[in-house]
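J.: Got a predicted structure here, sequence first:
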Amino acid sequence: MSIELKTSQGQIDITKEVIAAIAGGAAIDCYGIVGMASQKQLKDGITELLGKDNFSKGIVVRIDGDSVHIDMYIIVSYGTKISEVAHNVQSTVKYQLDKMLGLAVDSVNIFVQGVRVTTT
Amino acid sequence: MVLNELDGKYLRQMIYQAASHLSQNKEKINALNVFPVPDGDTGTNMDLTFSSGANEIKKHAKNEIKDIASHFAKGLLMGARGNSGVILSQLFRGFSKAVEAKDVLHSLEFAQALEKGVETAYKAVIKPVEGTILTVAKDAAKKAVSTAKNTNDITEVMKETVAEAKASLSRTPQLLPVLKEVGVVDSGGQGLVVIYEAFLAVLEGKDIADVETDAVSMEEMIRAEHHKNAQSHIHTDDIEFGYCTEFMIHFRDSKLKEQPFEEEAFRNKLSKLGDSLLVVADDELVKVHIHSEYPGELLTYAQRYGELINIKIDNMREQHSSIVQREEAANVKKANTEANIEKEKERFGFVTVAAGKGLVELFKGLGNTEVIFGGQTMNPSTEDIVQAIEKINAETVFVLPNNGNIMMAAEQAAKVASSHVKIIPTKTIPQGIAALFAFNPDLDDKMNEKAMKAAMSNVKSGQVTYAVRDTAIDRIQIKENDFLSISEGKIVSTAPTSEEAAKNLLNEMITDDNELVTIIYGENISEAETEVLEEYINENFSFMDVEIQNGMQPVYSYIIAVE
């Protein structure tokens, strides 16, 4: 299923994969994220192999009628303010999707799946 | 003033001073904010974060460096706002760790603590974006350490640190394309410079009010505002305030007597008449930039305070697209230069073996991968593998044979090839795929080898193929043209159709603790036939997710992976 945008010259269909890729790209630009999480290695991996980069790992795009919801599974760096990192991801993802697709997302849900501790 | 020992009292003052300096400059920093989201809140976020840190030390009376640093770091963490705030909290978390046991600091210890902060900050991010506060902090800390090696004077160290931070800030547009497009320096980096300036002022015994913050020019701020404006208005019709208006007010004492100038009130009044507002005032002049629908009103209002000079009014509806166009031009240029860069030697590459157009594409999708056509019935020679290894321009080449029969040839090839070769002993296609996914470009060759070997043993492999003659293996009677289900290299059953064989195989392979089955169908199988299997799995193993790929491989009707 994809998202349809109607313009005066016709219709634009945007697939979920595109949305996921943009969301993922925006997220890894955010400070404090050290990874995207996913339990299913093979499934994500195949998308990765097909050249869709691994940004979309751990991103679920749901389309419900007219509204778009994004679930993101992330791993955050130890010692950061997790709520703030998550909030930064939300606003960046929302902004990039609006800027690149003109798409207003209804919700960006962040699931913090892990905290990576580095030795410092 | 020469200072050989930094104590907690100084650090406390430095932090208080920086908090107030940051607060005074937050509007300027806000105005520069175009990355990552041009929402103009970097200054506010840094101000809130920093003052949360400063407030935390106010609560505690102890004046040892270690206490102040750790309270400050805690306060920053609790109050962290926005990307820049989180980065700030990391910089001082690292700083605080480095001075954990110290009552006072010498110059080198101070500089190394700054560097430790940078290290910590860099560790907390998957992909550090250069040209931001991170870069400014890194360059400044490096300079601090090199200076501290030659002098014990902390004031001198801080002076050099500030100078380098400013220099680094001025280089940020070269590193971050969006800054270059807009023609501004990074807002977070600017914030850090403001903080360091305040630190220096305390060490030099100056009042921060006397220290000019020179780096932000009005032009830079205006460009950033225009950029944000263009971003938020995709259509020309959406522009609410059509005239970009800039002017300066030269104060006249006679007028000020009647109408004293108050920056805050002036800003508030103007903000009701338009957006993208910038106001910079000193004792003699006010510079104003605003987008307004009725510039006349503005000018009339501003005249109350003095004479208007350098007036410029542009119609933005007419020139609205220029910024967007400039952006496009910059992108084209960037793409061109990228194309011209010579291909450098990559760190890692892969050579793998597969048959079937779909599978080959699947493997090739993973960047630097060379796929040799072959498999069960067509084993590539040692030379084929050597050639593929040589073609891969990488420091370390991983070879994934994906078939037990090719293992020997691969080992032979590894000995002959001139590159550094590591063999991942994959015996099936699913193992090969699983191993490739476990690869992490951030790790070294040994860690990757370990991870890939572990991953390949986590996946179960199965195949469905047909018998070319009558035979009996492992007490199973096989007739010509029967379909065989092979699990982990062993024939487990036979069936008259590929569908039945596949179902048998699925029954054999799937257990309760699996969650994903990947079916790769071959060239003699249609998508519809595969969908039947998907339904079968959904009905009988509802807990499983199903992934279907068209591998277009010969020989095997289905290759099945279960994990």
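T.: Cool, the structure landed.

J.: Report the helix or strand with the lowest average pLDDT across chain A.
T.: Using mean pLDDT, DSSP states H and E, helix A:41-47 stands out as the lowest-scoring helix or strand of chain A, at a mean of 54.

J.: wait, chain B
T.: Least-confident helix or strand in chain B using mean pLDDT, DSSP H and E: helix B:321-340, a mean of 53.

J.: Show me the shaky parts of chain A.
T.: By pLDDT under 70, the weakly predicted segments of chain A are A:1, A:38-57, A:118-120.

J.: All the helices of it, in order from the start?
T.: A:16-28, A:41-47, A:82-101 (DSSP state H).

J.: which residues does the residue positioned nearest the centre of chain A contact?
T.: Central residue of chain A (Cα atoms, centre = their mean): A:Ala23, 3.3 Å from the mean position. Neighbouring residues of A:Ala23 by Cβ atoms under 8 Å, 6 or more residues apart in numbering or on different chains: A:Phe55, A:Ser56, A:Ile59, A:Val61, A:Ile70, A:Met72, A:Val93, A:Gln96, A:Leu97, A:Val108. Where you see a C-beta, it was placed from the backbone N, CA and C, and this is true even at glycine.

J.: which one of those is nearest chain B?
T.: Checking the contacts of A:Ala23 against chain B with Cβ to the nearest Cβ, the nearest one is A:Gln96 at 8.1 Å.

J.: quick one, what contacts that closest one?
T.: Per Cβ under 8 Å, 6+ apart, neighbours of A:Gln96: A:Ile22, A:Ala23, A:Gly25, A:Ala26.

J.: what do you get for B:Leu77?
T.: Counted by Cβ under 8 Å, 6+ apart, B:Leu77 has contacts A:Gly79, A:Thr80, A:Lys81, B:Ser89, B:Arg93.

J.: burial of B:Ser526, as a residue count?
T.: Close neighbours of B:Ser526, defined as other Cβ atoms under 10 Å in any protein chain shown, add up to 10.

J.: I meant to write A:Gly114 there.
T.: Count around A:Gly114 with other Cβ under 10 Å applied: 13.

J.: A:Ser77 is in contact with that one, correct?
T.: No: using Cβ atoms under 8 Å, A:Gly114 is not in contact with A:Ser77, being 10.3 Å away.

J.: Can you tell me which of the contacts of A:Ala23 has the most neighbours?
T.: A:Met72 (28 neighbours).

J.: Report the beta-bridge partners for that one.
T.: As for beta bridges, A:Met72 partners with A:Ile59, A:Ile110 under DSSP bridges.

J.: picking that back up, and of the contacts of A:Gln96, the nearest to chain B?
T.: A:Ala26 (7.6 Å).

J.: Apart from its chain neighbours, what residue comes closest to the closest one?
T.: A:Gln96 (3.9 Å; Cβ to Cβ, 6 or more residues apart in numbering or on different chains).

J.: what's near enough to touch residue 88?
T.: All of this refers to chain A. A:Asn88 touches A:Cys30, A:Tyr31, A:Gly32, B:Gly82, B:Asn83, B:Val86, counting by Cβ under 8 Å, 6+ apart.

J.: wrong chain, I was asking about chain B
T.: Counting by Cβ under 8 Å, 6+ apart, B:Leu88 has contacts B:Met46, B:Thr49, B:Phe50, B:Leu76, B:Ala80, B:Ile133, B:Gly191, B:Leu192.

J.: go again using 7 Å as the cut-off
T.: B:Met46, B:Thr49, B:Phe50, B:Leu76 (Cβ atoms under 7 Å, 6 or more residues apart in numbering or on different chains).

J.: What about residue 92, how many residues nearby?
T.: Unless you meant another one, I'm taking chain A. Neighbours of A:Thr92 (other Cβ under 10 Å): 24.

J.: meant chain B actually
T.: Residues near B:Phe92, counting by other Cβ under 10 Å: 27.

J.: now B:Lys269
T.: There are 13 residues near B:Lys269, going by other Cβ under 10 Å.

J.: quick one on the thing from earlier: which of the contacts of A:Gln96 sits closest to B:Lys287?
T.: A:Ala26 (34.4 Å; Cβ to Cβ).

J.: any idea how far A:Asn88 is from that closest one?
T.: Separation of A:Ala26 from A:Asn88 (Cβ to Cβ, to the nearest Å): 10 Å.

J.: what does the helix or strand harbouring B:Thr518 rub up against?
T.: Using DSSP states H and E, B:Thr518 falls within strand B:516-521. Strand B:516-521 is contacted by residues A:40, A:42-43, A:46, B:359, B:429, B:510, B:530, B:533, B:537, B:544-551, B:558-563 when judged by Cβ under 7 Å, 6+ apart.

J.: filter these to the buried ones?
T.: A:40, A:42-43, A:46, B:359, B:429, B:510, B:530, B:533, B:537, B:544, B:546-547, B:549-551, B:558-563 (16 or more other Cβ atoms under 10 Å in any protein chain shown).

J.: tell me the domain ranges of chain B?
T.: B:8-234, B:237-318, B:344-457, B:460-562 (automatic domain parsing).

J.: For the last one, what is the distance to the chain centroid?
T.: By that I understand domain B:460-562. 41 Å (Cα atoms, centre = their mean, to the nearest Å).
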